[in-house]
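>>> need a structure here:
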Amino acid sequence: MDELTIGCYRYDTTQALFDGTVGIDATMRTAATLPEIFERLIRGAEFDVAELGLTFHLRLLEAGAPFVALPVFPNRVFRHSCVFVNTRSGITGPGDLAGKTIGEFGTYGQDSGVWAKGVLMDEHGFDPARSRWVIGGLEHPAPPFDFIPHPHPADVEVTTAPAGRTLNAMLDAGEIDALFSANVPQCVLDGSPNVTRLFPDYEPVERDYHRRTGIFPIMHTVVVRRDVLEARPGLARRVHDAFTAAKDVAADRYRTHRRLYQVQSMVPWTNALVERDREQFPEDWWPYGISANRAALDTCLRYHFEQGLTARRWQVEDVFAPDLLDT
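I've put the predicted structure just below:
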């Protein structure tokens with residue numbers, strides 16, 4: 001039987017698969033950007049197993065795409081910090097987003113946007129239909145992704161960015177009032193006085209959200225082609241266990257290197273951050289499997305439906321491999 005091909009990003013959670021610390025009978029591949037991995041999976045069927053944005057998977061699942069998700073989550077991020085606003089827009093809090101023009105990268109409802117909108121809807125009464133949405137490239141002009149469906153409710157105004165324009169430049173110039181972005185726009189990295197975050201001091205806001213809800217938002221999952229699973233009994237669990245072992249290698253490195261003040265990192269006070277996190281999170285602060293993530297998964301599936309990105313309200317049992325529902 002041919003060797004598996006796995007496509008995913010090189011995170012600390014997956015590095016042990018790439019360097020062979022965790023053995024898996026597969027060829028590991030990556031790409032310069034995450035959308036490139038997604039496109040190579042969806043358009044080119046280049047991988048047997050691959051990382052995929054959870055919202056991408058849900059859209060494809062409804063369209064009948066031949067992938068099965070595993071409860072493996074290599075990318076998860078708190079998203080209060082991902083909403084950026086132009087300082088001349090009049091936006092000083094979530095309630096000011098109504099009536100404004102907001103940019104979003106690649107598609108209406110990418111993973112970071114689904115979470116940010118959902119949290120604002122739950123906690124601040126945000127209504128996406130009361131804003132106008134512009135889809136485009138963040139740092140390079142680009143049309144919406146052409147390898148996934150683009151559903152959105154009929155009452156939500158969604159347009160594409162003008163030709164040759166980037167969301168970063170439009171935000172800096174005030175051509176859009178706000179931006180929901182998985183990446184920090186270059187104008188912010190450059191210290192532009194024209195742009196700030198909706199929640200400038202976002203860490204305590206995100207920590208409070210986690211304390212109250214127990215949710216560490218999930219962006220991406222890992223999927224396997226259905227025909228590959230059918231041809232290889234037990235593969236889902238083997239892949240799950242390998243990704244889990246790789247993640248545990250990374251976690252153990254952080255734990256072990258506390259004694260050495262995290263000298264493997266050039267970021268000062270990393271130890272202090274790790275120690276603060278240990279006070280807030282359980283010992284396994286980045287869990288895989290269903291049981292430890294059910295609240296986050298149920299919330300994401302609810303958000304996806306409430307935001308009109310799927311016609312049905314998916315349940316966890318509908319989305320993930322049946323033989324891993326006990327994890």
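
>>> Would you state the helices of the stretch 151-300 of the chain in chain order?
167-173, 186-189, 202-213, 226-231, 235-256, 270-280, 294-306 (DSSP state H, counting those that start in this stretch).

>>> ditto for the stretch 1-150 of the chain
15-18, 34-42, 54-62, 111-124.

>>> out of the ones you listed, which comes closest to L167?
Nearest to L167 among these is helix 111-124 (12.0 Å), distances taken as C-beta to C-beta. Every C-beta, even on glycine, is put in place using the N, C-alpha and C of the backbone.

>>> Comparing the helices of the stretch 151-300 of the chain, which comes out most buried?
Of all the helices of the stretch 151-300 of the chain, helix 167-173 carries the top mean neighbour count, a mean of 23, counting by mean count of other C-beta atoms under 10 Å.

>>> what packs against that one?
Here helix 167-173 touches strand 83-86, strand 101-105, strand 132-136, strand 178-180, helix 186-189, going by 3 or more C-beta pairs under 8 Å, 6 or more residues apart in numbering; DSSP states H and E.

>>> list the helices and strands the third one packs on?
Yep, that's strand 132-136 we're talking about. Using 3+ C-beta pairs under 8 Å, 6+ apart, strand 132-136 sits against strand 101-105, strand 157-160, helix 167-173.

>>> tell me which residues of that strand are tucked away?
Residues of strand 132-136 classed as buried by neighbour count (16 or more other C-beta atoms under 10 Å): 132-136.

>>> returning to what we had before: quick one: closest of the helices and strands packed on strand 132-136 to R79.
strand 101-105 (12.4 Å).

>>> could you check the angle strand 132-136 makes with that closest one?
30 degrees (axes from the mean of the first three to the mean of the last three C-alpha atoms, to 10 degrees).

>>> Now do strand 101-105: distance to the chain's middle.
17 Å (C-alpha atoms, centre = their mean, to the nearest Å).

>>> Quick one: list the elements packing against that strand.
Against strand 101-105 (3+ C-beta pairs under 8 Å, 6+ apart) you get strand 132-136, helix 167-173, strand 178-180.

>>> can you rerun that using 6 Å?
Secondary-structure packing of strand 101-105 (3 or more C-beta pairs under 6 Å, 6 or more residues apart in numbering; DSSP states H and E): strand 132-136, strand 178-180.

>>> Reformat these as a markdown table; add distance to W115.
A markdown table is the format used below for those (distance: least, C-beta to C-beta, whole Å):
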| stretch | distance to W115 |
| --- | --- |
| strand 132-136 | 16 |
| strand 178-180 | 9 |
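
>>> need those in CSV with mean pLDDT, can you?
Converted to CSV, the helices and strands packed on strand 101-105 look like this (pLDDT from 0 to 100):
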stretch, mean pLDDT
strand 132-136, 98
strand 178-180, 98
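
>>> Nearest to Y303, out of the ones you listed?
When the helices and strands packed on strand 101-105 are compared (using C-beta to C-beta), the closest one is strand 178-180, at 13.0 Å.

>>> neighbouring contacts of the closest one?
83-85, 100, 102-104, 113, 116, 167, 171 (C-beta atoms under 6 Å, 6 or more residues apart in numbering).
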